[in-house]
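Asks: Just need the structure, nothing else, for what follows:
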Amino acid sequence: MAVVLTARWVAREGEEARVRAYLEQLAGPSREEPGCLLYQPCQARDDPRSFLVFEMYADDDAVAAHGSSEHFRRLALEGAIPLLESRERVFYETVD
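Replies: Got it, this is the predicted structure:
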């Protein structure tokens, strides 16, 4: 069983480019974390303010490690998230 997280972000009007830049910076270090199986940020084609981050981790410990990492704190918590109008997260487990 792996843990899947989808995060839907909606940028405040005019902040789309900054949010995208933070996600671009966050992707590389997140993918290198132990236990990260997939980390893929996406931007909606028809609404540039809408982002989806699709993440998959080996277990809950890997999810927790991501959330407490320096790069997540700096780029997401202190960088992108304050630029958002809304943020929704949903956790899943893979069905094998």
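
Asks: Going by C-alpha atoms from here, please, whenever you check contacts or count neighbours.
Replies: Fine.

Asks: low pLDDT regions in this protein?
Replies: Applying pLDDT under 70 to the chain picks out no residues at all.

Asks: Can you give me the buried ones in stretch 62-77?
Replies: Buried residues in stretch 62-77, defined by neighbour count with 16 or more other C-alpha atoms under 10 Å: A62, V63, H66, H71, F72, L75, A76.

Asks: So which residues make contact with the longest helix anywhere in the chain?
Replies: If you go by DSSP state H, the chain has its longest helix at helix 16-31. When contacts are defined by C-alpha atoms under 8 Å, 6 or more residues apart in numbering, helix 16-31 is touched by residues 11, 36-41, 43, 48-49, 66, 71-72, 75-76, 79-80, 83-84.

Asks: ok, back up a step: what would the buried residues of stretch 62-77 look like in a markdown table with distance to Q25 and secondary structure?
Replies: As requested, the buried residues of stretch 62-77 are arranged in a markdown table below (distance: C-alpha to C-alpha, whole Å; DSSP: H, G, I helix; E, B strand; the rest coil):
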| residue | distance to Q25 | secondary structure |
| --- | --- | --- |
| A62 | 19 | helix |
| V63 | 19 | helix |
| H66 | 14 | helix |
| H71 | 9 | helix |
| F72 | 10 | helix |
| L75 | 7 | helix |
| A76 | 10 | helix |
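
Asks: Fine, thanks again, bye for now.
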